[in-house]
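A.B. asks: attaching a predicted model along with its sequence, questions to come.
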Amino acid sequence: MHPTLRLSRQLSYYQSSHLSPALLNSNIKTFIQQGQFTKALQLYSVSPLSATQFTFPSLLKASTFLSNLSYGKTLHSTIIQFGLQFDPFIATSLVNMYAKCGSFSYAVKVFETMVKREAFVKDVTFWNSLLDGYFKFGLLKEGLAHFYKMQSFGVLPDAYSLSILLGVLGYKEGKEIHGYIVRNMFKSDPFLETALIGMYSSCSRIMEAWFVFYHLEDKSNVVIWNVMVGGFFKNGWWEWSLKLYSLMKGENVKFVSESFGSTLSACGYGHVVDFGRQVHCDLIKLGFENYSFVYTSLLIMYGRCQFVEDAKMVFHQVLDKGIELWNAMISTFVCNKDSYAAFEVYNKMIYNVITPDSFTMSNVLSCSSLIGIYNVGRSVHAELVKRPLESSAAIQSALVTMYCKCGSVDDANSVLVTMREKDVVAWGSMISGFCQNRKFREALDYFRRMDADGVRPDSDIMSSVISACTGLENVDSGCMTHGYVIKSGLELDVYVATSLVDMYSKCGFPDMAENVFSGMPHKNLVAWNSMMSCYCRNGLPDHSIYLFSKIVQHGFYPDSVSITGALAAVSSIAALLIGKIIHGYLIRLEIQSDIQLENALIDMYVKCGFLKYAEYIFQNMSQKDVVTWNCMIAGHGSHGDCLRALSLFDEMKNCGIKPDDVTFLSLISSCNHAGLVDEGHNIFQSMTMEHGIEPKMEHYVNIVDLLGRAGRLEDAYNFVKTMPMEPERSVWLSLLCASRAHSQVQLGELAAHNLLKLEPDRGSNYVQLLHLYGEAELWDKAANIRSTMKEKGLKKNPGCSWIELRNKVDVFFSGDSSSLRTMEIYEILHSLGRNMEKKGGDYEIVEAFSDPRV
């Protein structure tokens, strides 16, 4: 039987049976206790005059829960007719009903009318009802004024008053309230304990929340456990959420349906599907599998762990699917980048006459963003215009995001302009969209507009703003943003701090990045990876390798990104032994490899001279991208095997992999090493003619070097003259070096003239010309160059070499004797010299090496 028909028959029965007032009031209270608020109100309407003063608070509670203001007003009218408006319980319920049904002005009127009476002025519960309303409407100043007014009337706050305050105030004020609680001996109050833990958690002070939780005498209240589990998860400590859930199972705590939400969210965030399955078993054993909140959380967990089939199984097991479950299923497909399956579920939902809400349409717009097809997004927008949903902030923010991801920033801006009230999500969507479309100046401009509009940024927005500063390579703007972050209290947010590390890294300030990293109270693996990348990018690979060894000591397990970063550092200093150790670590811990990690391994072995190991990894890869082929082509070319490099290029094309500019750079370089001039030149020409790739400056430099090494200097110079772009320093330097190698003074002087015109204050440019004159015995000109260098105070940067020995890399500079092992090195050289003297060797060679000036 349909529920509405059944309810109608029950009410008809009540009408015909002439229930006594006492039984009618009893049945109303029973319905409300069971959460059947509509039934309670409909039963009241059978005989309104039978309700007593003890029933009205329950009826007002039902109206509040259903957000039914008109019914609440009807009850208020009846209460006045009965003369019950001065009853403290009824008056408090009225204030609460009006506040929660969105009519706060009525709540204030009721309060102001009643508080003048002596029975109400000292009633803290009555004061609390309006205090809660102020904060629910975001009226912080007015709420605090109400709180101080309450105290001025001699009404001391109770535990609930303080709980309300803790829910809205910041860390500093919350700390003061905590002190007040301790001083006034508010002990073992579950409301206060929960509110304190929640306050510290929301202020990112999770260890202080844990301190409160740990020192509780009575931990039998399940709500306290739920808040602590949720607090750990919201602060990025998802592993601790799972540990606490396990502890909770061992305690004498009675689980409720809300006990599983944060734990399942933590499993989804950490992709710990095995733990999620264990929680799934627990909730079945405890009989919570039919609760909508629980199975929705379960479905989302499987979706985030990329176990889509398990998510679909949960979805299909539920017969009476609410809108939340449909949304969760659509969201699962969106998260797993299966937009077409998401659209299919959406169509089924419409077929089943389920009305979409703002979350549904946000997910559908996300599908449009994933597909990136502008017309699909426009059609969804057109559908939204027909519905009242289009005006909601969440939908409009999703529209902004969709248009930005489709590359239509102007349309996104048009949506933003039409919004009456722009919240933090809307501003964040627009600022992020500008960054995605590399419109960094516009992103900073809109951030200033948002700040002027009085909207406080969140961590996502600040990360986008920092990303814009990075994109502009404007460290001054980055430093100003850093100052704003500190003032707004977001410097403790791990995502914002990581963005700052990345910004300082890419702007070439590793010391500043290190300061930010050191100041992070709680570092996640992303932060460690960013700092490793910073060191490697800024020429400090040894620091990067050292940091990699510290990750495990701080309780993290390196992922593929960590290992890729460490291998890049190893490659830059050719530290083979360390590279092998990292490779072994990867195999032992069975860390899941991805294509980037395997490419990094190939690159490391190539640069460390172990081409055979690189070839082995290459041959055993299940999937190869263009970077993989480029690494192997460059590797064989740099090891002198140009024919193998050319053969790999043919294999690459046969596999359907499209070459890029790096591929051709590696091929030309390979021909250069092998002296295959015609082949290299043909490859260069095929870039544009066959593959439609425009050569970059590096390609032109390689061709000049290729022709120059072969002694074809006139061809090299003619090639430079026909370049479609202005030659850079490296082109003229390559031509100068070739002129020196083949004693072509006139062409060398021409190249040097152009080189010094570009960089007149670089010492190494003069040194090449100096050697050219010296080798041609043009001593006067050489002396003039020396004199010019002396006047300008120019020196050539010393050459550098390094050697890996006993798990340590020693670096040596030409003419430098600052190494800690200098004395040991010279002693060995002298010892070798003495041995050579005994055996008739050339001792002068050793003497030359022993001279620190060499």
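C.D. replies: Arrived safely.
A.B. asks: what about the helices in the stretch 301-450 of the chain?
C.D. replies: If DSSP state H, counting those that start in this stretch is used as the criterion, the helices of the stretch 301-450 of the chain fall at 308-317, 323-335, 339-351, 358-371, 374-385, 393-405, 409-418, 424-436, 440-452.
A.B. asks: and the pLDDT for Asp218?
C.D. replies: Predicted confidence (pLDDT) at Asp218: the value is 79.
A.B. asks: what about it, distance to Ser77?
C.D. replies: As defined by CB to CB, to the nearest Å, Asp218 lies at a distance of 45 Å from Ser77. All C-beta atoms are positioned from the backbone trio N, CA, C, and that covers glycine.
A.B. asks: between the helices of the stretch 301-450 of the chain, which has the poorest mean confidence score?
C.D. replies: Set side by side, the helices of the stretch 301-450 of the chain give their lowest mean pLDDT on helix 374-385, at a mean of 72.
A.B. asks: burial count for the closest residue to Thr360 other than its chain neighbours?
C.D. replies: Counting by CB to CB, 6 or more residues apart in numbering, Thr360 lies nearest to Asn327, which is 5.4 Å off, once chain neighbours are set aside. The local packing count at Asn327 equals 25, with neighbours defined by other CB atoms under 10 Å.
A.B. asks: so who does Asn327 touch?
C.D. replies: 357, 359-360, 363 (CB atoms under 8 Å, 6 or more residues apart in numbering).
A.B. asks: 10 Å - rerun?
C.D. replies: 296, 299-300, 345-346, 349, 354, 356-363 (CB atoms under 10 Å, 6 or more residues apart in numbering).
A.B. asks: same check, this time on Lys136
C.D. replies: 99-100, 102, 104, 143, 164, 167-168.
A.B. asks: quick check: which of the helices of the stretch 301-450 of the chain is nearest to Glu258?
C.D. replies: Comparison of those against Glu258 by CB to CB identifies helix 323-335 as nearest, at 14.4 Å.
A.B. asks: count of residues packed around Glu837?
C.D. replies: Residues within reach of Glu837, counting by other CB under 10 Å, total 12.
A.B. asks: quick revisit: okay, the helices of the stretch 301-450 of the chain in JSON lines with distance to Ile693 next?
C.D. replies: Rendered in JSON lines, the data for the helices of the stretch 301-450 of the chain read as follows (distance: least, CB to CB, whole Å):
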{"stretch": "helix 308-317", "distance to Ile693": "38"}
{"stretch": "helix 323-335", "distance to Ile693": "35"}
{"stretch": "helix 339-351", "distance to Ile693": "31"}
{"stretch": "helix 358-371", "distance to Ile693": "28"}
{"stretch": "helix 374-385", "distance to Ile693": "28"}
{"stretch": "helix 393-405", "distance to Ile693": "27"}
{"stretch": "helix 409-418", "distance to Ile693": "28"}
{"stretch": "helix 424-436", "distance to Ile693": "25"}
{"stretch": "helix 440-452", "distance to Ile693": "27"}
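A.B. asks: got any ranges where the protein has weak pLDDT?
C.D. replies: Low-confidence segments of the chain, defined by pLDDT under 70, are located at 1-20, 49, 119, 185-188, 372-374, 377, 383, 386-392, 792-820, 838-854.
A.B. asks: quick one, strands of it?
C.D. replies: Across the chain, reading from the start of the chain, the strands by DSSP state E fall at 800-805, 808-813.
A.B. asks: tell me where the stretch 551-700 of the chain has helices.
C.D. replies: Under DSSP H, counting those that start in this stretch, the stretch 551-700 of the chain gives helices at 560-573, 576-588, 595-607, 611-619, 626-638, 642-654, 661-674, 677-691, 697-709.
A.B. asks: can I get these in a markdown table including distance to Pro190 and mean neighbour count?
C.D. replies: Below are those laid out as a markdown table (distance: least, CB to CB, whole Å; neighbours: other CB atoms under 10 Å):
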| stretch | distance to Pro190 | mean neighbour count |
| --- | --- | --- |
| helix 560-573 | 43 | 23 |
| helix 576-588 | 48 | 17 |
| helix 595-607 | 49 | 23 |
| helix 611-619 | 58 | 16 |
| helix 626-638 | 57 | 23 |
| helix 642-654 | 67 | 17 |
| helix 661-674 | 63 | 23 |
| helix 677-691 | 70 | 16 |
| helix 697-709 | 68 | 22 |
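A.B. asks: dump those helices to JSON lines, plus distance to Gly83.
C.D. replies: Putting the helices of the stretch 551-700 of the chain into JSON lines (distance: least, CB to CB, whole Å) gives the following:
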{"stretch": "helix 560-573", "distance to Gly83": "72"}
{"stretch": "helix 576-588", "distance to Gly83": "80"}
{"stretch": "helix 595-607", "distance to Gly83": "77"}
{"stretch": "helix 611-619", "distance to Gly83": "88"}
{"stretch": "helix 626-638", "distance to Gly83": "83"}
{"stretch": "helix 642-654", "distance to Gly83": "91"}
{"stretch": "helix 661-674", "distance to Gly83": "87"}
{"stretch": "helix 677-691", "distance to Gly83": "91"}
{"stretch": "helix 697-709", "distance to Gly83": "91"}
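A.B. asks: so for Ala443, which of these sits nearest?
C.D. replies: Across the helices of the stretch 551-700 of the chain, Ala443 has its closest neighbour in helix 560-573 (25.5 Å, CB to CB).
A.B. asks: give the other helices and strands that that closest one contacts.
C.D. replies: Taking 3 or more CB pairs under 10 Å, 6 or more residues apart in numbering; DSSP states H and E as the contact definition, the neighbouring helices and strands of helix 560-573 are helix 525-537, helix 541-553, helix 576-588, helix 595-607, strand 800-805, strand 808-813.
A.B. asks: one more pass at 7 Å, please.
C.D. replies: Counting contacts by 3 or more CB pairs under 7 Å, 6 or more residues apart in numbering; DSSP states H and E, the secondary-structure elements packed against helix 560-573 are helix 525-537, helix 541-553, helix 576-588, helix 595-607.
A.B. asks: which of the ones you listed sits closest to Met836?
C.D. replies: For Met836, the closest of the helices and strands packed on helix 560-573 is helix 576-588, at 30.3 Å, according to CB to CB.
A.B. asks: before we move on, the earlier item: JSON lines for the helices and strands packed on helix 560-573, including distance to Gly675?
C.D. replies: What follows is the helices and strands packed on helix 560-573, written out as JSON lines (distance: least, CB to CB, whole Å):
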{"stretch": "helix 525-537", "distance to Gly675": "34"}
{"stretch": "helix 541-553", "distance to Gly675": "32"}
{"stretch": "helix 576-588", "distance to Gly675": "29"}
{"stretch": "helix 595-607", "distance to Gly675": "21"}
